[in-house]
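Engineer: Pasting a predicted model and its sequence here:
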Amino acid sequence: MNLKLALIISALSLPPVAAFAADTGQLPCRTTAECNQQAAKAGTSTGTPSAGDIGTSETDQAEDQFYWLNKINKASVVMLTEEQIITPDMGKKIAGGVAHAIEQAGQPDGKRPKDVLQIERIISDAIGPDASLVHTGRSRQDMYATYRMAKLRTQLLDYSDALNTLRERIVATAAQNVDTIVPAYTNGVQAMPISYAHYLLAYEASFERDAQRIHELYKRLNRSAMGTAVLANSSWPLNRERLADLLGFDGVIENSLDSSQVSPSDISLEAVGIASSAAIRLGAVLGDIHTQYHQTRPWLLLDESSTYTSSAMPQKRNPGIIMRAREAASDVVGLGQTVVFRAHNVTTGMTDYKSSWAEIGFFPQAIKMIEGMNKVMDALKINPERSLEELEDDWTTSMELAETLQKEHKIPFRVGHSFASAIVTEARSHGFKPKDFPYPTAVELYAKVIAKYKLPDTILPIQEAEFRQVLSPAFMVKTRLGTGGPQPAEVERMLAQAQATLKADQDWMQATRKKLADADSRLDQVFNQLKNGS
């Protein structure tokens, strides 16, 4: 046997080198970055944003994973002491360690790690191994599930506030345009005259439904997973309801498997779906505005100071803020699908679906979308004279001829419809507009249609003055009847209702945030009492 072969055989016969799972609590780290690198290497980090990363608000950025895990530590040590799972003296000792972990993070050389065990290591370095008692009956699973739900709660509320700022602008613009008559379209073709207020209130109604969806979702979202350990609870008699209350939740997610393994998927999908749906509707509104820039004489434009000039073509005034808002809305729809795909076809208990919305910055992008739309609304300039001219240049009111003949003169609607259609065909072939269509020609066309349907009276029962009035866009809008129509009185009623509903939604937001702030105060109070031994 040669030497080389002998060495190979000898190496193969040696026992394998032992490999151990990384215990992040046993790996010393000197900085936040080093702590997070260690956690990321082992795959323990949830990947959700840290302070300084983009967020939905200053509060969202400040209340990062380190903040929330220590908040959970504060609630845990209070609950463990109250339930006599640990003694008051031990509770005081651990509370001091938790306070140390929080305070050191504010120092120049302080650390804000994301991982549960790394935070526990900071506490144990201060008070010894008793620090691990704070983890009684817990797991990363229920702690991270609680943090994710709290993070989603904050970002959803921030989005709701942003949505209300857009609704304020829509309602205010509607109030200024109750009598602004504009064309409405179906199938991309001018269909009927309405008021611009009527148009805006249609979209405000949809955003009001979004507010309702957020309120309903909040009842399901604001539930705590804390105290369920990995997924099946522990043998310790933890008071889950007390933990939920201390952390600002309205109750618990009862099924312990659901709490950390199932609800993160459907709750986040529901939240993402609300903003994704709004993005599609905002895209439609932006498209309606942007289409005006195709025209040589638009009636709906941005203030020129909110556009930019072409580098080559002197005549152009490019509506950049519309394009940026549309891009942002499209990004929201795309990111929403990413959340769906991350959740699709994943087995129970995996992490794929649990915080994808946070990792890709879904709600910061959704708020960016709303801010972009707000810029468009602030820059909007409406020309009522030009929008009325647009209507008077076409035959949008021709349906009113058929309705008047039926309502006032008992002519079957289909007969009246044929008459109106014949007028439109004749007018377009000769370039006539409603104001200058020859009344004698209308009389002739009516006689032909009556003869076609073999009805006895061939004389047009509408005199010329009434004929002109019926074809007036303003007259058609004012004479609409029924709930929800564009007639000014009904628009004013809907406007008042929209204003009242928006105020109620804003009050709900204020009350909800106060309730969370009160829970924070209660937690700080009982934690400080425990820490100080009072």
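Structural biologist: Happy to help now that I have it. Residues are numbered from 1 along each chain as shown.
Engineer: can we go C-alpha only for contacts and neighbour counts from here?
Structural biologist: Fine.
Engineer: pLDDT averaged over the helix or strand where residue 208 lies, what's the number?
Structural biologist: Using DSSP states H and E, residue 208 maps to helix 196-221. The average pLDDT within helix 196-221 is 98.
Engineer: With only the CA atoms kept, save whichever helix or strand comes after it in PDB.
Structural biologist: Of the helices and strands lying after helix 196-221 in sequence (DSSP H and E), the nearest is helix 240-246. Output of helix 240-246 as PDB, limited to C-alpha atoms (Å, rounded to 0.1, in the frame of the first residue of the first chain):
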ATOM      1  CA  ARG A 240     -52.600  34.800  28.100                       C
ATOM      2  CA  GLU A 241     -55.400  37.300  28.600                       C
ATOM      3  CA  ARG A 242     -53.300  39.400  30.900                       C
ATOM      4  CA  LEU A 243     -50.400  39.400  28.400                       C
ATOM      5  CA  ALA A 244     -52.800  40.500  25.700                       C
ATOM      6  CA  ASP A 245     -54.100  43.300  27.800                       C
ATOM      7  CA  LEU A 246     -50.700  44.600  28.800                       C
END
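Engineer: what does the next helix or strand after helix 240-246 rub up against?
Structural biologist: Beyond helix 240-246 on the C-terminal side, the first helix or strand identified by DSSP H and E is helix 256-257. When contacts are defined by Cα atoms under 8 Å, 6 or more residues apart in numbering, helix 256-257 is touched by residues 225, 228, 231-233.
Engineer: For the chain, which segments are assigned as strands?
Structural biologist: Secondary structure of the chain, counting by DSSP state E: strands at 181-186, 189-195, 300-302, 308-309, 317-318, 380-382.
Engineer: With distance to residue 266 and mean neighbour count as added columns, please give those strands in a markdown table.
Structural biologist: Output for those, formatted as a markdown table (distance: least, Cα to Cα, whole Å; neighbours: other Cα atoms under 10 Å):
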| stretch | distance to residue 266 | mean neighbour count |
| --- | --- | --- |
| strand 181-186 | 35 | 20 |
| strand 189-195 | 40 | 20 |
| strand 300-302 | 40 | 22 |
| strand 308-309 | 43 | 14 |
| strand 317-318 | 41 | 16 |
| strand 380-382 | 38 | 16 |
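Engineer: Could you identify which of these has the lowest mean pLDDT?
Structural biologist: strand 308-309 (a mean of 86).
Engineer: Rounded mean pLDDT for the lengthiest helix in the chain, please.
Structural biologist: Among the segments of the chain that qualify as a helix by DSSP state H, the longest is helix 488-532. Average pLDDT, helix 488-532: 98.
Engineer: Show me what that helix packs onto, helices and strands only.
Structural biologist: In terms of contacts (3 or more Cα pairs under 8 Å, 6 or more residues apart in numbering; DSSP states H and E), helix 488-532 is packed against helix 65-82, helix 88-104, helix 140-175, helix 196-221, helix 240-246.
Engineer: switch to 10 Å and redo it
Structural biologist: Judged by 3 or more Cα pairs under 10 Å, 6 or more residues apart in numbering; DSSP states H and E, helix 488-532 is in contact with helix 65-82, helix 88-104, helix 140-175, strand 189-195, helix 196-221, helix 240-246, helix 473-478.
Engineer: which other residues reach the shortest one?
Structural biologist: Outside helix 473-478, the residues that touch it by Cα atoms under 10 Å, 6 or more residues apart in numbering are 179-183, 192-195, 388-389, 391-392, 395-400, 469-470, 485-490.
Engineer: Separate out the buried members of those residues.
Structural biologist: Listed as buried from these are 179-183, 192-195, 388, 391-392, 395-400, 469-470, 485-488, 490; burial here means 16 or more other Cα atoms under 10 Å.
Engineer: what's residue 97 in contact with, if anything?
Structural biologist: Applying Cα under 10 Å, 6+ apart, we find residue 97 in contact with 91, 103, 120, 122-128, 130-131, 134, 531.
Engineer: ok so, going back, need the strands of the chain in JSON lines (columns: distance to residue 517).
Structural biologist: Output for the strands of the chain, formatted as JSON lines (distance: least, Cα to Cα, whole Å):
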{"stretch": "strand 181-186", "distance to residue 517": "46"}
{"stretch": "strand 189-195", "distance to residue 517": "43"}
{"stretch": "strand 300-302", "distance to residue 517": "40"}
{"stretch": "strand 308-309", "distance to residue 517": "44"}
{"stretch": "strand 317-318", "distance to residue 517": "45"}
{"stretch": "strand 380-382", "distance to residue 517": "38"}
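Engineer: ok, residue 484 touching residue 491?
Structural biologist: Yes - here residue 484 lies in contact with residue 491, judged by Cα atoms under 10 Å, at a distance of 7.2 Å.
Engineer: Show me whatever sits in contact with both of the two.
Structural biologist: Residues touching both residue 484 and residue 491 by Cα under 10 Å, 6+ apart: 198, 201.
Engineer: and these two? which has more neighbours close in?
Structural biologist: residue 491 (24 against 15; other Cα atoms under 10 Å).
Engineer: And that one, how close does it get to residue 178?
Structural biologist: 7 Å (Cα to Cα, to the nearest Å).
Engineer: any residues in contact with both of these two?
Structural biologist: Taking Cα under 10 Å, 6+ apart as the contact rule, residue 491 and residue 178 both touch 195, 197-199.
Engineer: and the contacts of helix 256-257, which are buried?
Structural biologist: Buried among the contacts of helix 256-257 by 16+ other Cα under 10 Å: 225, 228, 231, 233.
Engineer: min pLDDT across those, which one?
Structural biologist: The member of the buried ones among the contacts of helix 256-257 with the lowest pLDDT is residue 231, and it reads 94.
Engineer: which residue sits closest to that residue, ignoring its sequence neighbours?
Structural biologist: residue 257 (4.7 Å; Cα to Cα, 6 or more residues apart in numbering).
Engineer: worst-scoring helix or strand of the chain, pLDDT-wise?
Structural biologist: helix 3-13 (a mean of 48; mean pLDDT, DSSP states H and E).
Engineer: In contact with the closest residue to residue 155 other than its chain neighbours, which residues are there?
Structural biologist: Distances taken as Cα to Cα, 6+ apart put residue 56 closest to residue 155, at 5.9 Å, once the chain neighbours are dropped. Residue 56 is in contact with 154-159, 162, 361-368, counting by Cα under 10 Å, 6+ apart.
Engineer: Roughly how far does residue 56 sit from residue 154?
Structural biologist: Separation of residue 56 from residue 154 (Cα to Cα): 8 Å.
Engineer: now do residue 384
Structural biologist: Shown here: residue 384 relative to residue 154, a distance of 42 Å by Cα to Cα.
Engineer: Ok, residue 437 next?
Structural biologist: The gap separating residue 437 from residue 154 is 61 Å, by Cα to Cα.
Engineer: mind exporting stretch 222-238 as CSV, just the C-alpha atoms?
Structural biologist: Only the C-alpha atoms of stretch 222-238 are listed here, as CSV (Å, rounded to 0.1, in the frame of the first residue of the first chain):
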residue,chain,number,x,y,z
ASN,A,222,-55.8,43.0,17.3
ARG,A,223,-55.5,39.6,19.0
SER,A,224,-52.5,38.2,20.8
ALA,A,225,-50.6,35.0,20.2
MET,A,226,-48.5,35.5,23.3
GLY,A,227,-48.3,32.6,25.8
THR,A,228,-48.8,29.8,23.2
ALA,A,229,-45.1,28.8,23.1
VAL,A,230,-44.2,27.0,19.9
LEU,A,231,-47.8,26.1,19.0
ALA,A,232,-49.4,24.0,21.7
ASN,A,233,-48.9,26.0,24.9
SER,A,234,-46.7,24.9,27.8
SER,A,235,-47.2,23.2,31.1
TRP,A,236,-47.0,26.6,32.8
PRO,A,237,-50.3,28.3,33.8
LEU,A,238,-49.6,31.4,31.8
